Every structure is written in C-alpha cells, then in structure tokens.
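Novice: Sequence first, predicted coordinates after that:
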Amino acid sequence: MANEIDFSNCRVILGRAYNGANGKKIAIEYNGERYMLKFPPSGNNKPTELSYTNSCISEHIASSIFNILGIKAQETLLGTFTVGTKKKVVCACKDFTADGKRFFDFCSIKNTILESDSGGSGTELEDILDTIEKQQYVSPTALTEHFWNVFVVDALIGNFDRHNGNWGFLFDDVTGETVMAPIYDCGSSLLPQADDKAMEQILTNEDALNARVFQFPTSAIKQNQKKINYFDFLMAAEHGDCNDAVKRIVSQIDMTEISNFIDNVPYISDRQKEFYKQYMRARFDLILQPAFEFVMMQERQQPGLTLTM
C-alpha cells in the first residue's frame, strides 16, 4: 500500500499516559513530533463480528472533516502497528499539548461553577449552556458559537459520545491565555461497530439506513434527562445560537469534497468507503439540509425573530 505508515519502530515516549475507555493508547515520536497512538478496541462483547472496531478509522475521518470545515481538530494519521503477530490499523493523533500548554476538559471547567448543583460530568444541555455563560476562561460568545458548531458537525458524523470529558481548553502558563483545544476523540462517530454485514444492510435497505439516521445515534447531550435526537432537536429550531450554527456549518459543507477525501483514506475497502460516503450523505440530506431550510424559512416569515432560549 503506497500510503502505508508503520509506527511499530517509533520511539515510545515514557512518562506520557492517556486515559479513556476506547482502546489502548501510547505516546510515540514520529518525524520528530509527539503523537498519541490509538489502538482499535476489541470487538468482543460488542454487537459486531469485527475482531476490532473501526474507531481508529472513524477518528481519522471525523477529525479530518472538522478540519475541512474550518473547525480546528487534532491532526491525525492512519498507519499500522504490529503487536506480536497481529498488525493493527492505528490512528496517530498529534499531541496538541507538546508545546507545554495545559489541557483542561469541559468537565473540569464545569466543576468551577460553584453556584451550580450539577456535577462536572453532567451533560444536561441547560447546565452546559449555563456553564458556558458563567465560565471566565474564554469569551462566552465565542465558546457558545464553538459548542454549537461542534454539535452540528457531530450531527453530520453521527457522534454519540461528545461528553464533557472529551472537549475543552488549552491554557498557556506563560501568557495566561486560554483558547479552545482542537477537537479530538471522535472515534464514536460513523458507526464504528458496523461490520461488513451491517454496512451492506445499511447500503441496500432504506429502513436500516433511516434507523441509523433518525433513531440512532443520538447525542450524548441530554435535554430533560433524555439524550438528544439530532433530527428532532435541529428541526425544532428552538435555540437561536444553534440555528446560527446550522446556517454557518451547513452552508460550508461540500459533500463532494468530503467524498473525495474518503476516496483517498488508506486501509479501508471500497465497500467501507461507499458506506461512509452514503451514510454521511444521508445524514446531510435527511437531517442537516432540512434543518437549514426550516431555519431559513422561519427567518423569511418572521424577520428579526430571535429564538435563543
């Protein structure tokens, strides 16, 4: 394979360890820079016939889509790593703290809001928006825009695990400046447990496809203690800031550009490429495009209307 990268002989960097439940992780040096190497989780005890899930593929494709859309995400590379006799497809994620900046996840920031009774890990939308407004690390306006931009892209890629522990901020101890960290941890996108049988069913059965668009995956964010259904939420158009993000992001999405990118992703079969392209096309056509058209129709009917809650 022309684009193959073998990370097996890269220097392992000791003193760096990463948490998270979705597969093994080690720190390596590649081309003089530090990367976190993510290994695919085992498919055992999961509803899949895969020996290992496709989360590393999902990580790379989803992170790249954020970057294509102008939302800064981690830089990723796909490659292989041989463990014993098994050659595994892995995802190398460039370490965005290598320059000495400290990372704080949103869960930690949420814990600083003393007047809130909600814990840092709570994903109730109202509590998240309250924290965004009250935190003093970055501009609440900029953070609100960032939050909803990410939500809309997560709707496109079908991310079911954007919780408070996998997005956040970078703090510079020298300047005292805080900025949004690049998007990372996107492995729970694009149906990572879908094996060949599931992909074939989704590609050939409209009901199976629609189920993965309208019913599952849902967002990890909750509203009234229930995980948000992307279609229902976006079509309700009840949050003005979310509506603004729909207008910003949907108008930027070029599905041809995304399809061309997927065609050049290494290590995956033509069937997988077709699956990823059709799955995202369906989510765009059936969720994002109708939401965009509905928001624009509302604005035409009620100019100047503000729906922010």
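Specialist: Cool, got the structure. Numbering: from 1, shown residues only.

Novice: Can you check which helix is longest in this structure?
Specialist: Ranked by residue count and defined by DSSP state H, the top helix of the chain is helix 140-157.

Novice: Which residues outside it are in contact with it?
Specialist: Residues from elsewhere that reach helix 140-157 (CB atoms under 8 Å, 6 or more residues apart in numbering): 58, 61-62, 65-66, 69, 71, 128-129, 132-135, 162, 167, 180, 183, 186, 189-190, 219, 221, 230, 234, 239, 241-242, 244-246, 248-250, 253, 280, 283-284, 287-288. The C-beta positions use only the backbone N, C-alpha and C, and glycine is treated the same way.

Novice: Please apply the same query to stretch 85-93.
Specialist: Contacts to stretch 85-93, defined as CB under 8 Å, 6+ apart, come from residues 5, 7, 28, 30, 35-40, 52, 56-57, 59-60, 63, 74-82, 184, 187, 267.

Novice: List the buried residues in that stretch.
Specialist: Going by neighbour count (16 or more other CB atoms under 10 Å), the buried part of stretch 85-93 is 88-93.

Novice: rewinding a little: restricted to helices, list the contacts of stretch 85-93.
Specialist: Per DSSP H, the contacts of stretch 85-93 map to helices at 56-57, 59-60, 63.

Novice: Please name the residues that touch the closest residue in space to Tyr30 that isn't next to it in sequence.
Specialist: Spatial nearest neighbour of Tyr30, chain neighbours left out: Cys10 (5.3 Å); criterion: CB to CB, 6 or more residues apart in numbering. The contact partners of Cys10, by CB under 8 Å, 6+ apart, come to 28-30, 37.

Novice: which two in the residues you listed are spaced the farthest apart?
Specialist: Distance extremes for the contacts of Cys10: the farthest pair is Glu29 and Leu37 at 10.5 Å, using CB to CB.

Novice: Those two: which is more packed in?
Specialist: Neighbour count, other CB atoms under 10 Å: between Glu29 and Leu37, Leu37 has more, with 23 against 12.

Novice: Can you give me the pLDDT of the residue nearest the centre of the chain?
Specialist: By CA atoms, centre = their mean, the mean C-alpha position of the chain lies nearest to Cys186, the distance being 3.7 Å. We have a pLDDT of 95 for Cys186.
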